[in-house]
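Chemist: Got a sequence here, can you build the structure:
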Amino acid sequence: MQISCIAVDDEPLALEQLSDFISRIPYLDLRATFKKGFDAMMYIKENNVDLVFLDIQMDDITGIQIVKTIAQKPQVIITTAYDQYAIEGYELDVADYLLKPISFERFVKAVKKVYNHMEVTGKISDGSAIDASSNFIFVKADYKLQKINLDDILYIEGYKDYLRFFLTEKRKIMSLMSFKNIEESLPKDKFYRVHKSFIVAISKIESITKSSLSIGDIHIPIGDFYKESFFEFLNQKKLLK
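Modeler: Here you go, the predicted structure:
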């Protein structure tokens with residue numbers, strides 16, 4: 001599941017920049033762009049939208065008026081060249097207030113704030129989809145949903161906000177996901193988190209010591225925090241003789 005969003009700005013170049021920024025964030029799903037505030041307002045009323053990138057000064061209606069008019073409010077990130085609306089924007093509980101010209105780094109920070117809020121409130125489940133009876137998972141990678149067969153996963157390593165899936169045949173896939181959501185998605189009897197930065201496929205483990213395990217020629221540390229529960233898990237599954 002992704003964050004559905006729209007962008008509203010009567011300046012074509014500003015709208016083009018927003019669209020470009022959005023396309024670089026794997027979990028953002030741009031549904032539509034609008035040059036007229038009224039058209040955007042009607043779209044929001046008739047469609048479910050998680051997030052709106054909203055300009056303040058537009059010819060037909062202001063962004064502030066749009067926020068005040070919407071009954072079921074999505075998350076809103078204000079994008080404007082004017083700072084005098086900041087206090088009013090925050091009084092309307094907008095997620096963030098971006099002053100033009102907007103840098104990509106500042107844009108990412110604002111979007112991450114919305115992502116974290118939606119994750120905490122249970123309104124988003126990271127860019128993965130899996131059914132308990134399925135033997136595959138879809139993850140968002142390279143601006144598309146990439147299918148990964150569970151049997152192909154050797155291990156998963158965390159890189160800040162990203163996860164890298166190491167697969168058979170030396171394949172790798174990077175996805176913007178959290179450990180929390182991938183742990184909830186993967187079958188608990190087949191995958192185990194052995195370190196703050198690693199989840200391993202149990203069937204792919206070739207050897208285990210007190211502090212590490214090996215998958216092929218890769219040595220993965222077993223974190224002190226996870227050690228006791230990991231060996232208890234192996235015992236319960238009668239995998240230790």
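Chemist: domains of this protein?
Modeler: 3-120, 129-236 (automatic domain parsing).
Chemist: and among these, the most buried is which?
Modeler: Of these, the one with the most neighbours on average (mean count of other Cβ atoms under 10 Å) is domain 3-120, at a mean of 17. For the C-beta atoms, the positions are set from N, CA and C on the backbone; glycine is no exception.
Chemist: so how far is it off the chain centroid?
Modeler: 18 Å (Cα atoms, centre = their mean, to the nearest Å).
Chemist: quick one: low-confidence parts of the protein?
Modeler: 1, 71, 83-91, 120-134, 143, 241 (pLDDT under 70).
Chemist: Just the helices from it, written as ranges.
Modeler: 12-23, 37-46, 63-69, 86-91, 104-120, 179-185, 224-236 (DSSP state H).
Chemist: got the angle between the longest one and helix 12-23?
Modeler: Counting by axes from the mean of the first three to the mean of the last three Cα atoms, to 10 degrees, helix 104-120 lies at 50 degrees to helix 12-23.
Chemist: elements contacting helix 104-120?
Modeler: Helices and strands touching helix 104-120, as assessed by 3 or more Cβ pairs under 8 Å, 6 or more residues apart in numbering; DSSP states H and E, comprise strand 3-8, strand 75-80, strand 96-99.
Chemist: Select, out of those, the one closest to residue 159.
Modeler: Nearest to residue 159, of all the helices and strands packed on helix 104-120, is strand 3-8, at 20.9 Å by Cβ to Cβ.
Chemist: Now that closest one - C-alpha only, PDB.
Modeler: Extracted C-alpha coordinates of strand 3-8, given in PDB (Å, rounded to 0.1, in the frame of the first residue of the first chain):
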ATOM      1  CA  ILE A   3       0.500   7.000  -0.200                       C
ATOM      2  CA  SER A   4      -1.800   8.300  -2.800                       C
ATOM      3  CA  CYS A   5      -1.300  12.000  -3.600                       C
ATOM      4  CA  ILE A   6      -2.100  14.900  -5.800                       C
ATOM      5  CA  ALA A   7      -0.200  18.100  -6.600                       C
ATOM      6  CA  VAL A   8      -1.900  21.500  -7.000                       C
END
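Chemist: Can you tell me the strand partners of that strand and which way each runs?
Modeler: strand 28-34 (parallel), strand 51-55 (parallel) (DSSP bridges).
Chemist: Reformat the helices of the chain as TSV; add distance to residue 192.
Modeler: Below are the helices of the chain laid out as TSV (distance: least, Cβ to Cβ, whole Å):
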stretch	distance to residue 192
helix 12-23	35
helix 37-46	43
helix 63-69	45
helix 86-91	44
helix 104-120	23
helix 179-185	9
helix 224-236	6
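Chemist: Of all the ones you listed, which one is nearest residue 197?
Modeler: With Cβ to Cβ as the yardstick, what comes closest out of the helices of the chain is helix 179-185 (8.5 Å).
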